[in-house]
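Participant: Here is the input, now give the coordinates:
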Amino acid sequence: MKSRTLKLREAHKVGGSAAAFCSILWDHKAEHFVTSSSSDLSIFVHDGLSPSSSPPTILRHHQDGVTALALSHDSSFLASGSIDHCVKLYKFPSGEFQTNITRFTLPIRVLAFNGSGSLLAAAGDDEGIKLINTIDGSIVRVLKGHKGPVTGLDFNPNGELLASLDSNGTVLCWELQSGILSHTLKGVAPDTGFSTSVVNILRWSPDGRILAVPGLRNDVVMYDRFTGEKLFALRGDHLEPICYITWAPNGKYIATSGLDKQVLLWDLDKKQDIDRQKFEERICCMAWKPNSNALSVIDVRGKYGIWESLVPSSMVAPTVGIPDILPKRRNEILTFDEEMEEELSASLNDDSDDRESHQPSRKRIRRNTVIDDDVVPDEEFYDEGTSYRKKSYKEKHGVRSGLPRSIAGSTKYKMQKPFQPGATPAEQGKKTFLCYNMLGCITTIEHEGNYRIETDFHDTGRGPRVSSMIDIYGFTMASINESGCIFANPSKGEKNMSVLMYRPFRSWASNSEWTMRFEGEEVKVVANGSGWVAAITSLNLLHIFSEGGLQKHIISLDGPVVTATGCKDQLAVVTHVSDCLPSNEQVMEFRVLNICNMTQQLNGRVALTPGSRLTWIGFSDEGSFSTYDSEGVLRVFTSQYGGSWIPVFSATKEKKQKENYWVVGLNTTSLYCIACKHPEVFPQVTPKPILTILNFSLPLASSDLGAASLENEFILTQLRLYETQRRVDDMALAEMDTIALENEAFDMEVSQDKCILRLISSCCNSKSFVRAGELMRLLSLEKSMRAAITLVTKLKLPFLAEKFCSILEEKLLEEANVATTNQLHNPSREAVKSKVQNFPAPIQSHTEEIPKASSAPKPSAATLVRKAKVSGLNLGKEQIKRDETDDVKKGEVKKLNSIKNPMNSVNNEDTGLRKEANQEDARRSSNPFLKSTV
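Facilitator: Below you'll find the model as predicted:
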C-alpha cells in the first residue's frame, strides 16, 4: 500500500506548541463546509466550490474557543458548543444567530442532531446529556450514566437510539422513547482523561446496524446494534490509538485517524485497510464530502485539506448504494403515552386557578420523559433570543406547567409488560403464533374482518386433527397441551369484556367447549396442564378452572404478573416484586404450584442478566423449571445450595454472527429453538420454521487445561445426577418404584467417571497434579479409581500414582467403617437371609459371584454406587457376605496391602480387569450395579 502526501492550508491559528481540537463539517449538498478550533472563538463557513478564492463567512458569538459543531440533516441549522459553557444555534448557511439554546456549568465537548433535526444532543464535562427540542428550545430529557466527560455522541439514523462515549472508554446506548439504557459497554475504548485535544468518538453505520468504536489495540471495534455484541475489529497499520472515525456515505468504507498521525481507509467487506495518508500533525476531525469520492481533514494546528479520489476507481464508489433511512417524525418523541395522557388529563381537569401560581417548569411532558429537577429556567438564555424563543418560554406558564411533581418525576425504567411464552407480535395481514411449544402451535390470521385460528401438532400421530376456528373475540394469547387449548383476549371497553375460552381435543360429551367473561379485570396470561386451566388477570388474581369449566380456586398473587406456563400438574407463575431498579434490572419472583395437591413446590427470585428482560419460561422434559432472557442466557432451577439458578446455555458462546435464538423447549442436554436471521428476533409462520438443537454450553472461564468441553460435560452431568438422585429419594419416600431411575443414575455415574478420567489425563499433560488429585476424589466407582491409578502409572508419574493409591485407601477404609456400622445395626442372621431370599434372582446371583471378582471381599454395593443417594434399597445390608465384623476388617486389610505396592501390581491390572469383565458378562444384566463401569 503506497503512502501519499496531502497539502493542507490554514483555517485557524493555534498559538504556541499546544494542540487544539478542531472540527470540520460538510452540508448535505456539498456547497459549504464549516471549521472551528478550541483555540479560536470564531467559526468559519467556507464556500465548498471555491474555498481558496471566496473568503469564508465568520461567526463570532462565543466568548471562548469552539469545541463542538453539528449540522442538522437538512443543513438548515448549525449548532456550536464552546469552552464558555454555551450552546448556540444559527441558521445555515447564512450564519444568522438564533439563540443560546442551552447552557452548561462546564465546557461542552460534543453536539449531535438527530435525523429529523428535532432534537439536539449536547454533552461535555458536566454530568448528563441534554436532549433539546430545537423547535422551542425546551429540554426534553437529561440522560445520566457516564462517570466522566462525554466526548462522543451519535444518533442512530432512524432516530430511535443515541450512542454516547466518555473519556473513560465507556459506551452507553440509550432508547430515546423511554430514556432507558439498552446496552452498556464498559472500558471498551481508550482512556483519554481530561485532554481537550484528544477525544473519544463513535459513529453509527449509515444503515444503523453497526456501531464503530475506537478499540484498545489501535483498532476499530464494530458492535451490533440489537445485541450490543462485538462483531469484528479492523486492525491494520495504526501504531497508536485511533482518535476519529467517519463512515463513507454508503457504509462500504470507513476512514480512521490515529495518534500516530496517519489516516487509513478501510474496506468493510475485506476488513482490511486499502490506502493511507501520513501527516505532519495529528488529524483530529474528518468528514466525507457528500456526493463525491473525497474526504476532508483538519489537524490539531487548524490546517485543513481535501483528500480527493481516495477510493480506487476499480472499487465501488462511496456514493453508490447509499441506504435510504427515514428518520422519525419531528415531534414523535414529544407525544404522550396514552395511559399517561388519561392520567394527566384527569388531574389537569380538576386543577383550580391557583395551580397557575406554582413555579413554572422549563420542561413539557414528553413520552416516557424523566424530568431532571436540577435544570431550571435561566433568564439570561433569552437576552439574545428572537421573539419565537421568548414566546415558547411563555407557553410554559400554561396548564401543563402546573403538573404535579409526583407525575413529572415518574420512574425512569419501566417494569416488563406481561407476555405469553411462545407467542409472536401481531402483524397486519400476516400469520402470527399465539402459542408455539414442543407439542404443537396455534396460529392466527385476519380473515374477512374476523380472525381464523389454526391448531397443528408437530407429530401428527401424537395429537388429533383439529379443525380451524373462526375467532370473533380477537384472541391474543393461547396455550396448548395434549388435552386441549385455552384462548384469551384483552378487554376492549366495558361492552367488550376479556374472554377466556377452553377447547378440548377429546371429550365423552358433546358441546364441551366453554367460555368465561371477566368483568372489571383483564386476562394477561393463560396456561393449562393435566386436568386444569389457569388465567391470571390485571387484578393480580390467579383463576384456576377444571377442564370442564368448574371454577376451583382463586388466588391473590403478590405482584403484577409477567408470564406463566403449565406442565402436567405444575403451574409456574412469574410476578414482579417491585419497580425496576435504577440500574435497569427487573425484580421478579416465581412460584411453582402443584395444582392437584394444592401445594407450592418451589419459589424464589428470578435470575436475569443485568439490564435484560425475561423472554421465555418453561419446563424441561424432566420437569425442571427454566428461563431464558433477552441476553441469550438459559437458566435451570435446581435444588442445589438450597435452590439456585444454573446458567446452562449462553448464546454469546454459541450464536453465529447473524442469528438470534427463539426458544421453544429443552431436555437434559439440549436447547430446542428457532434460529432467526439477524435482526429478526421472532420467527415467521410461513415458511414453517425449523427447530435447531443446540447443546448446553455453560459460560465457563477460559481454563488453562484447554479442556473446556470436558469441564462443561462434567458440570452438566453432575447437575443431572444430582437432580436424578433427588427424584429417586422423593420416589422412595413415596414408596414408588425407583428401579428405572436407579438404572439411569448409575449410567450417569459411569458417564461422569469417564469424563473425570479424561480430565485427569488433561491435568497430567498440563502438570496440574493438585487438580488431578481433586478429580480423583470425585470418582464414584472403585474400578474408575483403579483405572486412574493405571493411567498415571502408564504416564510415568509414580508420585501421583502413590497419591491416588492413598486416596483409594482412604475411601475403602471409609466404606469399611460404614459397612461395620451397618453390621452392628443389622437384624438377626435369619432375618437377613429371609430378606435376601425375597430379592429378585439377579441380585442373589450377584451376591454369589462377588467373591470371584476380587480376592478381597467387598463390604457392600456401596463400593460400586453411592447407595445412600442412588438406590435407596439398602443393598449394603442385604448383600453382606459375612456376619462377623472381624472377617470384614481382615478382608479390607488384605486389599489395602495390595494397594500399598501399586507398581508391582499395575502390570497385572489389565489382565485382572479383563477376567473380571468376563465374569460380569456371565451375570444377569438386569442388576444395575453390574453394568460396565469404565
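Participant: what about residue 470, neighbour count?
Facilitator: The number of residues packed near residue 470 is 10, by other CB atoms under 10 Å. Just so you know, the C-beta spots here come from the backbone N, C-alpha and C atoms, and that holds for glycine as well.
Participant: Mean confidence (pLDDT) on the host helix or strand of it, please.
Facilitator: Taking DSSP states H and E as the definition, one finds residue 470 inside strand 469-471. Across strand 469-471, the average pLDDT comes to 88.
Participant: Quick check: bridge partners of residue 304?
Facilitator: Bridge pairing for residue 304 (DSSP bridges) gives the partners residue 9, residue 298.
Participant: Actually, residue 40.
Facilitator: Using DSSP bridges, the bridge partners assigned to residue 40 are residue 37.
Participant: Number of residues surrounding it?
Facilitator: Residue 40 has 22 neighbouring residues, counting by other CB under 10 Å.
Participant: and it, what does it touch?
Facilitator: By CB atoms under 8 Å, 6 or more residues apart in numbering, the contact set of residue 40 is 12, 13, 14, 20, 65, 66, 302.
Participant: so residue 805 touches residue 786, yeah?
Facilitator: No - with contacts counted by CB atoms under 8 Å, residue 805 stays clear of residue 786, the gap being 9.5 Å.
Participant: If you rank the contacts of residue 40 by neighbours, which is first?
Facilitator: Most neighbours among the contacts of residue 40, by other CB under 10 Å: residue 66, with 31 neighbours.
Participant: contacting residues for that one?
Facilitator: Here residue 66 is in contact with 23, 36, 37, 38, 40, 41, 42, 43, 80, 81, 82 (criterion: CB under 8 Å, 6+ apart).
Participant: ditto for residue 228
Facilitator: By CB under 8 Å, 6+ apart, residue 228 lies in contact with 173, 182, 183, 184, 185.
Participant: Among these, which one lies nearest to residue 434?
Facilitator: residue 182 (27.7 Å; CB to CB).
Participant: wait, doesn't the closest one sit right on residue 160?
Facilitator: No - contact criterion CB under 8 Å: residue 182 and residue 160 do not qualify, at 9.5 Å.
Participant: what sits in contact with each of these two?
Facilitator: Common neighbours of residue 182 and residue 160 (criterion: CB under 8 Å, 6+ apart): residue 175.
Participant: one step back: now, the contacts of residue 228 that are in strands?
Facilitator: Counting by DSSP state E, the contacts of residue 228 place 173, 182, 183, 184, 185 in strands.
Participant: how near is the residue lying closest to the first one once chain neighbours are set aside to residue 121?
Facilitator: Computed as CB to CB, 6 or more residues apart in numbering, the closest residue to residue 173 that is not its neighbour in sequence is residue 183, at 4.1 Å. Here the criterion is CB to CB, to the nearest Å. By it, residue 183 lies 17 Å from residue 121.
Participant: Who has more neighbours out of these two?
Facilitator: More crowded of residue 183 and residue 121, by other CB under 10 Å: residue 121, with 26 against 20.
Participant: by contact count, what packs against the helix or strand encompassing that one?
Facilitator: Assigned by DSSP H and E, residue 121 belongs to strand 119-124. Judged by 3 or more CB pairs under 8 Å, 6 or more residues apart in numbering; DSSP states H and E, the packing partners of strand 119-124 are strand 66-71, strand 77-82, strand 86-91, strand 108-113, strand 129-133, strand 150-155.
Participant: Which neighbouring elements make contact with the second one?
Facilitator: For strand 77-82, the contact count by 3+ CB pairs under 8 Å, 6+ apart identifies strand 40-47, strand 66-71, strand 86-91, strand 108-113, strand 119-124 as packing neighbours.
Participant: Let's see that with 10 Å instead.
Facilitator: Judged by 3 or more CB pairs under 10 Å, 6 or more residues apart in numbering; DSSP states H and E, the packing partners of strand 77-82 are strand 22-26, strand 32-37, strand 40-47, strand 66-71, strand 86-91, strand 97-103, strand 108-113, strand 119-124.
Participant: I'd like the ones you listed as a markdown table, with distance to residue 192 and mean pLDDT appended.
Facilitator: Listed next are these as a markdown table, based on distance: least, CB to CB, whole Å; pLDDT from 0 to 100:
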| stretch | distance to residue 192 | mean pLDDT |
| --- | --- | --- |
| strand 22-26 | 16 | 94 |
| strand 32-37 | 18 | 94 |
| strand 40-47 | 22 | 92 |
| strand 66-71 | 14 | 94 |
| strand 86-91 | 22 | 93 |
| strand 97-103 | 24 | 91 |
| strand 108-113 | 11 | 94 |
| strand 119-124 | 14 | 93 |
